[in-house]
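J.: dropping the sequence and predicted coords here.
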Amino acid sequence: MPHPLARPRHRRTCGLFLILGHSQELPGPPGYCGEWLSKFGSLPPADPTTGQLQTQEELSKAIAAMQRFGGLEATGVLDEATLALMKTPRCSLPDLPAAAPARRRRQAPAPTKWNKRNLSWRVRTFPRDSPLGRDTVRALMHYALKVWSDITPLNFHEVAGSAADIQIDFSKADHNDRYPFDGPGGTVAHAFFPGDHHTAGDTHFDDDEAWTFRSSDTHGVDLFAVAVHEFGHAIGLGHVAATRSIMQPYYQGPVGDPLRYGLPYADRVRIWQLYGVRESVSPTAQPGTPEPEEPPLLPEPPDNRSSILPRKDVPHRCSAHFDAVAQIRGEAFFFKGKYFWRLTRDRHLVSLQPAQMHRFWRGLPLHLDSVDAVYERTSDHKIVFFKGDRYWVFKDNNVEEGYPRPISDFGLPPGGVDAAFSWAHNDKTYFFKDQLHWRYDEHTRRMDPGHPARSPPWRGVPSTLDDAMRWSDGAAYFFRGKEYWKVLDSELEVAPGYPQSTARDWLVCRDLPADPSEGGDGEAGAHAPPGQHD
């Protein structure tokens, strides 16, 4: 439900605005959403030979279908959470069989399976630029296949020759099948179902991805987790809508230690329906059964960490306040701990999962576990990070030479700052600490006379702040706890209807009474975008 203070607004759908029951074309890349939905099986493609176009009813049903597969509420409306889901890394295979108009739609094909129990595999091509060595990749493939052989009568063995039932490749872009890769993010891998075709069982990984293992770093893609999913396809399983299934089409992050991981029960049941249950003790081996392979040693991760980092170190976007908020190059960045979320110029989350701060801004100390404030300088568009009594200046993603330096360069006292931002009205930079604020001139590199001063100069803004940001609409946004306040350009007081929920309006969350880790996941349906609660 929209917030009660929200202005009436158009509800966005795939390539259309719904306005009083009528449709109107949206500006932007034509057909993108329709192509996306057709690509992954939710929508029958338009038929240019007959002039048959996709109807609004078909679009809405297709959106609802993809929402179900992504674990979202099936509203049929292309809301913020759905747009973010469409940008989430995923498997290349469609969620449903290729869709066709209802009058000629075929039944989904029956599951296919191998008619033999002993399957060979080999890695034909390895990642070209990856910290994961060949032995690591082969070991991860072994353990990903073992996940399935542990509970079924299937046996997998690695071979060195050119002939193998399951050929594994790391490829880029168009690699001579009907599922071209699209660079980092997007589609990350795919596999072909069993059958009598020459690609049966073959499994392809996108060589443009930053493959990792035994890491909670959400910047990369966990190779073991993706391999378990793709080998599920290679032995006959399709996608499912269950959010706890490894066969859910969207990448869900690392699944745990490859030496200890076990499939969710729903996935066990589905694979048992195809192959039956593995007998724990076999009195007589079947003819042709290869000797069990010696389990390969799994090397330490590239950063030499010997254990899985706990997932609890990755914050949830819907929980409490943020360490810093900033507009950088027209985009919004929300920092919490070592991570950040990023919103595009049109206020869409780049990903529901956070990225690691140190990977994006090269030069921040690895031991830095959070930042106090961040802002983009109006004088030269460089980015300034504050932590305690020190600050760093970045040009784009790289730290400038000579940093960090003391914040006394600004005329600030020891103790750090709580927030910093540049106000569009006077092009001055404001620093906040406890109940004091300073006004700084970026051109003269001096504090303005009369500062520090008590309480912010804008009526209605809290006397103490967590964060502040100048946004592309010209307004200033102030954040404290779970709420934010909006001040329009050139105004000296908070706009009517504020404060509002930061998590709901900026991070696509429901209003939550408690930490989302203790209950629901905080995912939202359609909500007003930032600044709509005037």
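T.: Received, thanks.

J.: helices of the stretch 1-150 of the chain, start to end?
T.: With helices called from DSSP state H, counting those that start in this stretch, the stretch 1-150 of the chain shows them at 32-39, 56-69, 80-86, 134-149.

J.: quick one: which of those helices is nearest residue 467?
T.: helix 80-86 (20.7 Å; CB to CB). To be clear about C-beta, it is placed using only N, CA and C from the backbone, and glycine gets the same treatment.

J.: tell me which other helices or strands that closest one touches.
T.: If you count contacts as 3 or more CB pairs under 8 Å, 6 or more residues apart in numbering; DSSP states H and E, helix 80-86 packs onto helix 56-69.

J.: how far off centre is the helix it packs on?
T.: Centre-to-centre, helix 56-69 and its host chain are 21 Å apart (CA atoms, centre = their mean, to the nearest Å).

J.: and for stretch 486-499?
T.: With CA atoms, centre = their mean, you get 32 Å for stretch 486-499.

J.: excluding chain neighbours, what is closest to residue 502?
T.: residue 484 (4.8 Å; CB to CB, 6 or more residues apart in numbering).

J.: which helices and strands sit right next to the host helix or strand of the one you found?
T.: Using DSSP states H and E, residue 484 maps to strand 483-487. Helices and strands touching strand 483-487, by 3+ CB pairs under 8 Å, 6+ apart, are strand 476-480, strand 500-501, helix 502-506.

J.: please redo it, this time with the cut-off set to 7 Å
T.: strand 476-480, strand 500-501 (3 or more CB pairs under 7 Å, 6 or more residues apart in numbering; DSSP states H and E).

J.: what angle do that strand and strand 476-480 make?
T.: 160 degrees (axes from the mean of the first three to the mean of the last three CA atoms, to 10 degrees).

J.: contacting residues around the residue nearest to residue 114 when sequence neighbours are not counted?
T.: Spatial nearest neighbour of residue 114, excluding adjacent residues (CB to CB, 6+ apart): residue 194 at 4.7 Å. Going by CB atoms under 7 Å, 6 or more residues apart in numbering, residue 194 touches 112-114, 200-201, 235-236.

J.: pLDDT below threshold where in the stretch 151-300 of the chain?
T.: 216-219, 280-300 (pLDDT under 70).

J.: per-domain residue ranges of the protein.
T.: Using automatic domain parsing, the domain parsing of the chain gives 11-87, 118-275, 313-518.

J.: mean pLDDT and mean neighbour count for the helices and strands packed on strand 483-487 - can I get that in CSV?
T.: Below are the helices and strands packed on strand 483-487 laid out as CSV (pLDDT from 0 to 100; neighbours: other CB atoms under 10 Å):
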stretch, mean pLDDT, mean neighbour count
strand 476-480, 90, 24
strand 500-501, 89, 21
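
J.: nearest to residue 273, of those?
T.: strand 500-501 (44.6 Å).

J.: for the residue nearest to residue 83 when sequence neighbours are not counted, the count of nearby residues, please.
T.: Nearest-residue entry for residue 83: residue 348, 5.2 Å, with adjacent residues in sequence omitted and distances by CB to CB, 6+ apart. For residue 348, the neighbour count with other CB atoms under 10 Å is 15.

J.: also residue 405?
T.: 14.

J.: run through the bridge partners of it.
T.: In this entry, residue 405 is beta-bridged to residue 391, by DSSP bridges.

J.: pretty sure it is in contact with residue 393, am I right?
T.: No. Taking contacts as CB atoms under 7 Å, residue 405 lies outside contact range of residue 393: 8.1 Å.

J.: what do these two both touch?
T.: When CB under 7 Å, 6+ apart defines a contact, no residue borders residue 405 and residue 393 alike.

J.: the residue nearest to residue 83 and residue 357, how far apart?
T.: 21 Å (CB to CB, to the nearest Å).

J.: just residue 61 next, same as before
T.: From residue 61 over to residue 357 (counting by CB to CB), the distance is 40 Å.

J.: over stretch 62-72, what's the mean pLDDT, rounded is fine.
T.: Average pLDDT, stretch 62-72: 84.

J.: which outside residues touch it?
T.: Counting by CB under 7 Å, 6+ apart, 14, 37, 40, 42-43, 73-78, 81-82, 85, 95-96, 239, 241, 243, 249-250, 523 sit against stretch 62-72.

J.: burial of the closest residue to residue 89 other than its chain neighbours, as a residue count?
T.: Closest residue to residue 89 apart from its sequence neighbours, by CB to CB, 6+ apart: residue 251 at 4.1 Å. By the criterion of other CB under 10 Å, residue 251 has 23 neighbours.

J.: isn't residue 251 right next to residue 222, touching?
T.: No. Taking contacts as CB under 7 Å, residue 251 lies outside contact range of residue 222: 8.2 Å.

J.: what about the nearest residue to residue 343 once chain neighbours are set aside, neighbour count?
T.: Spatial nearest neighbour of residue 343, chain neighbours left out: residue 332 (4.1 Å); criterion: CB to CB, 6+ apart. Residues lying near residue 332 (other CB under 10 Å) number 22.

J.: got it, and the one 3 residues further on?
T.: Using other CB under 10 Å as the criterion, residue 335 is surrounded by 23 other residues.

J.: from residue 183, how far out is it?
T.: Residue 335 is 26 Å from residue 183, by CB to CB.

J.: ok, now residue 440?
T.: 40 Å.

J.: who's more crowded, those two?
T.: residue 440 (19 against 11).

J.: residues making contact with the helix or strand containing that one?
T.: Secondary structure from DSSP H and E places residue 440 in strand 436-441. The contact list for strand 436-441, computed with CB under 7 Å, 6+ apart, reads 410, 412, 428-431, 447-448, 451-454, 456.

J.: could you do stretch 384-404 as well?
T.: 360-364, 368, 371-375, 377, 382-383, 405-407, 414, 416-417, 420.

J.: repeat that for 8 Å
T.: 360-364, 368, 370-377, 382-383, 405-410, 414-417, 420 (CB atoms under 8 Å, 6 or more residues apart in numbering).

J.: end to end on that stretch, go ahead and measure it.
T.: This stretch, stretch 384-404, spans 10 Å end to end (CA to CA, to the nearest Å).

J.: and stretch 389-402, by the same measure?
T.: 15 Å.

J.: same deal with stretch 147-163?
T.: 23 Å.

J.: show me which residues of it are buried.
T.: If you call a residue buried by 16 or more other CB atoms under 10 Å, then stretch 147-163 has these buried ones: 147-149, 151-152, 154-158.

J.: how about stretch 394-413?
T.: Neighbour count says stretch 394-413 has 394, 399, 404, 407, 410, 412 buried, by 16+ other CB under 10 Å.

J.: from residue 441, how far out is the fifth one?
T.: This points to residue 410. 11 Å.

J.: quick check: neighbours shared by these two?
T.: Counting by CB under 8 Å, 6+ apart, the common neighbours of residue 410 and residue 441 are residue 447.

J.: what sits against residue 378?
T.: 422, 427, 429, 442.

J.: ditto for residue 475
T.: With CB under 8 Å, 6+ apart, residue 475 has these contacts: 486-489, 495, 531.
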